[in-house]
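Chemist: this one's sequence-less:
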């Protein structure tokens, strides 16, 4: 019998040979790469676009050498600046210039996938806070309206406003009405929940956009500290700790017991400094994405628009 299959090229034969060797060393199964394992792990819900862009961002070669080097140097710089500013009797701030600087940096130097993740985070966290507000039974609490769709929107809906979103919510939501908690899924209020909408095309990538999410944050964090007063910066880096509070509130609202468990940043009464800031920032972002994805699944089950 004559086979109609085209013969393998030299490159294809080489790849097939490597594949067979790898399988032979692994009891007949193809070994999984770390990326493949991360992509296949669905134990913690994560919206497909967020997972796709994050995994792509992890492939940036800068993370191997540039990121660890910057993390060491800029962490030392950040600690020195943080403690010096706390000691100075004269404080300065420049919110407008800070935000222009960040937006310029994002537009020309940060990879499009990382920019989408940043814009997503603003919208997703606003949704979580609004979900708590809408189901709190207190109509006097103002919703969080921070939904930037493109980079230029961040000139108005700034990082400082984003941090203030959770701080003002916790200040105003002193005594929510817990008498109706947990609430049946069909009775949950989504009044101020907005489906995530990003008006930013990743196809329009400039050749200068080479920085991944984590490397960009390392460069942002010292700049952020420099252009805020010491009290503003302390409030900003401690706003992450309210992940625990938000998780506990959502647990009570929906009758669950796991949202607070996935919050790495915990116990907001214990104030923290800049130590471990980069990791705490990442864990804050993933907490928001995981909880948001879970609630989106609830909305989908109810037949609501996502």
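Modeler: Received, thanks. These numbers come from a predicted model, not from an experiment.
Chemist: please pull out the lowest mean pLDDT helix or strand from this protein.
Modeler: Ranked by mean pLDDT, DSSP states H and E, the weakest helix or strand in the chain is helix 10-25, scoring a mean of 72.
Chemist: so which elements touch the very next helix or strand once past that helix?
Modeler: Once helix 10-25 ends, the next helix or strand along the chain (criterion: DSSP states H and E) is helix 34-40. For helix 34-40, the elements it packs on are helix 48-58, judged by 3 or more CB pairs under 8 Å, 6 or more residues apart in numbering; DSSP states H and E. Backbone N, C-alpha and C define where each C-beta goes, glycine included.
Chemist: helices and strands around the next helix or strand after the helix it packs on, which ones?
Modeler: Downstream of helix 48-58, the first helix or strand assigned by DSSP H and E is helix 62-87. Secondary-structure packing of helix 62-87 (3+ CB pairs under 8 Å, 6+ apart): helix 213-226, helix 230-238, helix 277-301.
Chemist: hmm, try it at 6 Å
Modeler: For helix 62-87, the elements it packs on are helix 213-226, judged by 3 or more CB pairs under 6 Å, 6 or more residues apart in numbering; DSSP states H and E.
Chemist: now the angle from the helix it packs on to helix 277-301?
Modeler: Following axes from the mean of the first three to the mean of the last three CA atoms, to 10 degrees, one obtains 120 degrees for the angle between helix 213-226 and helix 277-301.
Chemist: and helix 213-226, what's its mean pLDDT?
Modeler: Here helix 213-226 scores 94 as its mean pLDDT.
Chemist: check the offset of it from the chain's centre.
Modeler: The chain centroid and the centroid of helix 213-226 are separated by 14 Å under CA atoms, centre = their mean, to the nearest Å.
Chemist: who does that helix touch, helix- and strand-wise?
Modeler: Using 3+ CB pairs under 6 Å, 6+ apart: helix 213-226 touches helix 62-87, helix 112-134.
Chemist: contact partners for residue 248?
Modeler: Applying CB atoms under 6 Å, 6 or more residues apart in numbering, one finds that residue 248 lies in contact with residue 260.
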